[in-house]
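A.B. asks: Output the structure for:
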Amino acid sequence: MVAPRALILLLVVALSGAGAGSAPGAECVALDDFSRGAIGEFPPDWKPRKDAGRPVYSIQEEGGQRFLHAAATRLGIQAGREVAWNLDVYPILAWSWRPIEFPAGSVRVEPGSAGGDALHVERG
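C.D. replies: Just a heads-up that it's a prediction; the model follows:
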């Protein structure tokens, strides 16, 4: 069954090659590798929840791997894109993220918790 609208919303999440390394190549499907956009620009086909979030997100590259970078000060606006996803065939979603700096005085995010940096998936 394919969810009619699976909305993948990202907040400071690097999805380049999502799932890479978690299963053999043929079993993994990258949701976005950010190759269609220009480095330093907001990714094509993505939408910020509010226009003020557009300058927060940009495609970056490090070591030949592209990723979505977010830099925000006193702003918490999500960005994402809609993806049709067959949960029966691919029931596992894997990603990697790397916070460079947590806000001063922020609560420490424990492994396994959905803290300030999170992946949100809506099925509808």
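A.B. asks: which outside residues touch stretch 37-56?
C.D. replies: By C-beta atoms under 8 Å, 6 or more residues apart in numbering, the residues outside stretch 37-56 that reach it are 9, 32, 34, 36, 57-61, 66, 68, 70-72, 75, 77-81. Any C-beta I mention is one placed from the backbone N, CA and C, and that applies to glycine too.
A.B. asks: quick one: Arg98 and Val89, what's the gap?
C.D. replies: Separation of Arg98 from Val89 (C-beta to C-beta, to the nearest Å): 29 Å.
A.B. asks: quick one on the thing from earlier: what about the contacts of stretch 37-56, which are in strands?
C.D. replies: The members of the contacts of stretch 37-56 that map onto strands under DSSP state E are 9, 57-61, 66, 68, 70, 79-81.
A.B. asks: Make a PyMOL selection of the buried ones in those.
C.D. replies: To isolate the buried members of these in PyMOL, using 16 or more other C-beta atoms under 10 Å:
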select buried, resi 9+57+58+59+60+66+68+70+79+80
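A.B. asks: Check the ones in strands among the contacts of stretch 37-56 and tell me the two furthest apart.
C.D. replies: Greatest spatial distance in the ones in strands among the contacts of stretch 37-56: Leu9 and Glu61, 22.8 Å, computed using C-beta to C-beta.
A.B. asks: Please pull out the lowest mean pLDDT helix or strand from this protein.
C.D. replies: strand 6-11 (a mean of 34; mean pLDDT, DSSP states H and E).
A.B. asks: Relative to the helix or strand that it is followed by, what are the paired strands and their orientations?
C.D. replies: Using DSSP states H and E, the helix or strand that follows strand 6-11 in sequence is strand 47-48. Applying DSSP bridges, strand 47-48 is found paired with strand 79-83 (antiparallel).
A.B. asks: any weak-confidence spans in the chain?
C.D. replies: Low-confidence segments of the chain (pLDDT under 70): 1-26, 102-124.
A.B. asks: can you tell me how far Ala94 sits from Pro48?
C.D. replies: For Ala94, the distance to Pro48 - C-beta to C-beta - is 24 Å.
A.B. asks: Doesn't Ala52 belong to a helix?
C.D. replies: Yes: assessed by DSSP: H, G, I helix; E, B strand; the rest coil, Ala52 belongs to a helix.
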